[in-house]
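Asks: predicted structure and sequence below. I'll ask about it afterward.
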Amino acid sequence: MSINLYNVKFLLKSNVVVNFQKLDILEGDLPSSTSTLTITGAEAVQLGVNSLSRLVDARFIQIYDTKVILMRKFTGVKLSITSLMLDIDRCDVLRIEENTFSSIKGPLSVSIKNCDVVSFEGEAFSWLLSMEISNVRKLQLGKGSFTLDPTAANVGEHGPGMTVKLKNVGIPEIPEQAFGSSAAEIRMESVDTSVIRWGAFSANTFNVVIAINCSIRDIEGEAFAQKSMINYLPLHHSKVDHLFSNALQSAIVKLEFTNNQINIVDTGAINATAIAAVTFENNEFHHFQERGFVLTSCNKFYITGNSFDNLPPYSIVAPGSTPHELQFSHNEIETLHENSLIFIGNAYTMIAPLVFYGYNYYGHPCHCNFSEFLGKALGYKSGEPFEHDSYCTVDEVFARCFNVPEQNMQFTKFKEKVCTDQDNIECEAYRS
């Protein structure tokens, strides 16, 4: 039997409503003493204007197994909260309008799981302690979706308190000022988005912004705003098609890219006001423009196991840096140019004992002047300090002659065997 309930009067402090087609909860329907509200099995639920505003001790609102959920503008205005949890699970459509929770007096935690389409229409939450969204096919974010009211006590003596965690979510775009308030953690895991717009990350402070196993088509210029400070920004196991110029301008304490595929890096894609330490490990970079990474005032460099198709002149520069440590090892660079890696030569000039350079492979043919070419590419007066740990390519004849089947040959070995006064080149005994 189908039951239609409208303007239902709830009389219990803890309310459970089950098995109805449509429910509109309007202003005055819930007694002010309601602390827990659970709704399940509905076709549609609407929370109207001020429907939650009069609650004096709301603790837990749960809606699940409901096809359509609509939370109207000003659902909860000046709501006094000690700690309120909004839990939504298993729905087809969830729509939360702008200013749904407006001028609330206390922290709100939200969990949204297993829904098909979820939309936030702008600045819906004036005070948000935590937001967890998982298993949502399409999450539509409006401008300022996670931007709080300036009066919210979001930042305490230990820093910002808000956390936003998105997992297994499709987002058409992350719009301007989506993350416009300081946060303890923004975590995106298995998120697929077409674009991160200009000013999407524009708050004063982010302790952690992390992306794991994400697919991002475009990161626009100033997506990470210049005014922001990020303590830790890791990007792991993700794909980025295009890093636009000035995509990342925020000051960063620790920047970490590992196991990513990045297709296009425009000039100044990373052009931060300051970066204390960078780690680039096991990434693939394809189209890299001049001055693609501008690592201003960087102190520590860890660049290992990466592959670059082509590094034009001044690809990675570090203006104003006073390096304390540099590691550049096990990288593969198909095409290198003069001053492509000038930051290495600069660091070697200042802190040679603290530079670890090892096992780097270049697609350039081995020749007796390769050391001179290498020195110019690394921005140093000579390539000699780097010869032993640099590999160049040889043809099949030399590869067989010197037992280097992958055709990558240590330059010092090539120099000793080929660049001599001898008329003949002596091959090594063949090793199977």
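Replies: Great, that's in hand.
Asks: starting at the chain centroid, how far to stretch 173-191?
Replies: In terms of Cα atoms, centre = their mean, to the nearest Å, the gap separating the centre of stretch 173-191 from the centre of its chain is 9 Å.
Asks: quick one: end-to-end distance for it.
Replies: Separation of the first and last residues of stretch 173-191 by Cα to Cα, to the nearest Å is 11 Å.
Asks: now stretch 340-358
Replies: Taking Cα to Cα, the first and last residues of stretch 340-358 lie 17 Å apart.
Asks: which residues sit in contact with E98?
Replies: 73, 121-124, 142 (Cβ atoms under 8 Å, 6 or more residues apart in numbering). (C-beta placed from N, C-alpha, C; glycine too.)
Asks: please convert those residues to TSV, extending it with distance to N283.
Replies: Written out in TSV, the entries for those read as follows (distance: Cβ to Cβ, whole Å):
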residue	distance to N283
K73	44
E121	37
G122	36
E123	35
A124	36
G142	33
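Asks: could I get those residues as CSV with neighbour count and secondary structure?
Replies: Putting the contacts of E98 into CSV (neighbours: other Cβ atoms under 10 Å; DSSP: H, G, I helix; E, B strand; the rest coil) gives the following:
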residue, neighbour count, secondary structure
K73, 16, coil
E121, 18, coil
G122, 18, coil
E123, 22, coil
A124, 24, coil
G142, 18, coil
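Asks: for P353, the count of nearby residues, please.
Replies: Here the count is done by other Cβ atoms under 10 Å, and P353 has 6 residues near it.
Asks: next: N424.
Replies: Summarising burial for N424: neighbours were counted as other Cβ under 10 Å, giving 6.
Asks: where does K376 land in three-state SS?
Replies: In three-state terms, and counting by DSSP: H, G, I helix; E, B strand; the rest coil, K376 is helix.
Asks: could you measure from it over to Q289?
Replies: Computed as Cβ to Cβ, to the nearest Å, the K376 to Q289 distance reads 20 Å.
Asks: pLDDT weak spots in the stretch 251-400 of the chain?
Replies: Judged against pLDDT under 70, the stretch 251-400 of the chain has no low-scoring part.
Asks: for it, what spans make up the helices?
Replies: Listed from the start of the chain, the stretch 251-400 of the chain has helices (DSSP state H, counting those that start in this stretch) covering 342-351, 370-377, 396-401.
Asks: so for the shortest one, what gets flagged as buried?
Replies: Think helix 396-401. Within helix 396-401, the residues that qualify as buried are 398-399, 401, counting by 16 or more other Cβ atoms under 10 Å.
Asks: same thing with stretch 61-70?
Replies: 61-64, 66, 68-70.
Asks: what residues does it touch?
Replies: 36-47, 52, 84-95, 97.
Asks: just how off-centre is stretch 314-331 within its chain?
Replies: For stretch 314-331, the separation from the chain centroid amounts to 22 Å (computed by Cα atoms, centre = their mean).
Asks: with stretch 75-84 instead?
Replies: Counting by Cα atoms, centre = their mean, stretch 75-84 comes out at 32 Å from the chain centroid.
Asks: end to end, how far does it reach?
Replies: Using Cα to Cα, the end-to-end distance of stretch 75-84 comes out at 14 Å.
Asks: do the same with stretch 309-316
Replies: Counting by Cα to Cα, the length from the leading to the trailing residue of stretch 309-316 is 14 Å.
Asks: contact partners of it?
Replies: Applying Cβ under 8 Å, 6+ apart, the external contacts of stretch 309-316 come out as 285-293, 295, 308, 333-343.
Asks: now that stretch: buried residues?
Replies: 310-316.
Asks: how close does A124 get to E97?
Replies: When Cβ to Cβ is the yardstick, A124 and E97 sit 7 Å from each other.
Asks: overlap in contacts of the two?
Replies: Taking Cβ under 8 Å, 6+ apart as the contact criterion, the common neighbours of A124 and E97 are M71.
Asks: helix or strand for the residue nearest to the spatial centre of the chain, which one?
Replies: With distances taken as Cα atoms, centre = their mean, the residue of the chain nearest its centroid is A211 (3.8 Å). In this assignment (DSSP states H and E), A211 forms part of strand 205-212.
Asks: got a list of contacts for the next helix-or-strand element following that strand?
Replies: Scanning the chain past strand 205-212 towards its C-terminal end, the next helix or strand to appear is strand 215-219 (assignment: DSSP H and E). Judged by Cβ under 8 Å, 6+ apart, the contacts made with strand 215-219 from elsewhere in the structure are 191-196, 238-244, 247-248.
Asks: pretty sure I344 contacts P323?
Replies: No - under the criterion of Cβ atoms under 8 Å, I344 makes no contact with P323, lying 9.8 Å away.
Asks: dump the residue contacts of F206.
Replies: Residues touching F206, when contacts are defined by Cβ under 8 Å, 6+ apart, comprise 160, 179, 182-183, 186, 228-231, 233, 250.
Asks: can you flag the buried ones in those residues?
Replies: Listed as buried from these are 160, 179, 182-183, 186, 228-231, 233, 250; burial here means 16+ other Cβ under 10 Å.
Asks: save these as a markdown table, and put in secondary structure and pLDDT too.
Replies: Converted to a markdown table, the buried ones among the contacts of F206 look like this (DSSP: H, G, I helix; E, B strand; the rest coil; pLDDT from 0 to 100):
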| residue | secondary structure | pLDDT |
| --- | --- | --- |
| P160 | strand | 83 |
| F179 | strand | 96 |
| S182 | coil | 94 |
| A183 | strand | 95 |
| I186 | strand | 98 |
| S228 | coil | 96 |
| M229 | strand | 96 |
| I230 | strand | 97 |
| N231 | strand | 97 |
| L233 | strand | 98 |
| S250 | coil | 96 |
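Asks: about what we covered before: in PyMOL, how would I select the buried members of the contacts of stretch 309-316?
Replies: Those of the contacts of stretch 309-316 that meet the burial criterion (16+ other Cβ under 10 Å) are gathered into one PyMOL selection, given here:
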select buried, resi 285+288+289+290+291+292+293+295+308+333+336+337+339+340+341+342+343
